[in-house]
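Asks: this one's structure only:
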């Protein structure tokens with residue numbers, strides 16, 4: 001039984017890594033600072049990149065506080081087999097933190113990021129270990145650019 005779990009776990013990790021590799025043909029738009037053409041939009045892209053990096057690190061480390069300041073006053077949350085609905089920013093921090101603390105992520109990375117002047121989304125996959133079983137998850141977040149800042153308006157885990 002333990003051998004089957006170990007094999008399944010490594011297969012899940014390999015699938016996740018393969019899906020996130022550049023050879024997999026992902027059409028990732030690179031919002032990192034300095035990756036643009038030098039126009040004023042680059043500062044917005046830099047701010048978006050920092051928010052998404054905080055979300056990614058928060059998910060990996062199981063710490064919603066790393067991105068709590070980037071949550072909109074009202075956010076829609078849909079967590080697999082858990083909470084779903086609209087929450088205030090304060091409520092959402094607790095809901096997401098509870099979900100992340102119940103799951104141990106082995107891997108996670110945003111593989112697709114798209115944005116325009118006022119909205120953006122990112123999606124990526126990872127492997128989570130829950131109750132001793134490896135499970136592949138998909139995370140989707142959407143953001144709005146409001147009052148000079150990128151704010152999370154959706155946080156979904158499937």
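Replies: That came through, no problem. Because the structure is a prediction, the values reported are computed rather than measured.
Asks: wait, residue 120 sits on residue 151?
Replies: No - counting by CB atoms under 8 Å, residue 120 does not reach residue 151; the two are 10.4 Å apart. Quick note: C-beta positions are derived from backbone N, CA and C, even for glycine.
Asks: Show me how far stretch 132-141 is from its chain's centre.
Replies: The chain centre lies 11 Å from the centre of stretch 132-141; the measure is CA atoms, centre = their mean, to the nearest Å.
Asks: Remind me what the top strand by length along the chain packs against, helices and strands.
Replies: Secondary structure assigned by DSSP state E gives strand 133-146 as the longest strand of the chain. With contacts taken as 3 or more CB pairs under 8 Å, 6 or more residues apart in numbering; DSSP states H and E, strand 133-146 sits against helix 2-19, helix 41-61, strand 104-115, strand 119-130, strand 149-157.
Asks: contacts for the shortest one?
Replies: Taking CB atoms under 8 Å, 6 or more residues apart in numbering as the criterion, the residues outside strand 149-157 that touch it are 44, 47-48, 51, 55, 67, 70-72, 74-80, 92, 96, 99, 120-121, 137-145.
Asks: Which members of those are classed as buried?
Replies: 44, 47-48, 51, 55, 67, 70-72, 75-77, 79-80, 92, 96, 99, 120-121, 137, 139-143, 145 (16 or more other CB atoms under 10 Å).
Asks: For residue 117, give me phi and psi.
Replies: phi -60, psi -30 (degrees, to the nearest 10).
Asks: Kindly provide the distance from it to residue 147.
Replies: Distance, residue 117 to residue 147, using CB to CB, to the nearest Å: 14 Å.
Asks: Same check on residue 94?
Replies: Residue 94 is 24 Å from residue 147, by CB to CB.
Asks: Show me which of the two is the more surrounded one.
Replies: More neighbours surround residue 94 than the other of residue 94 and residue 147, with 13 against 6 (other CB atoms under 10 Å).
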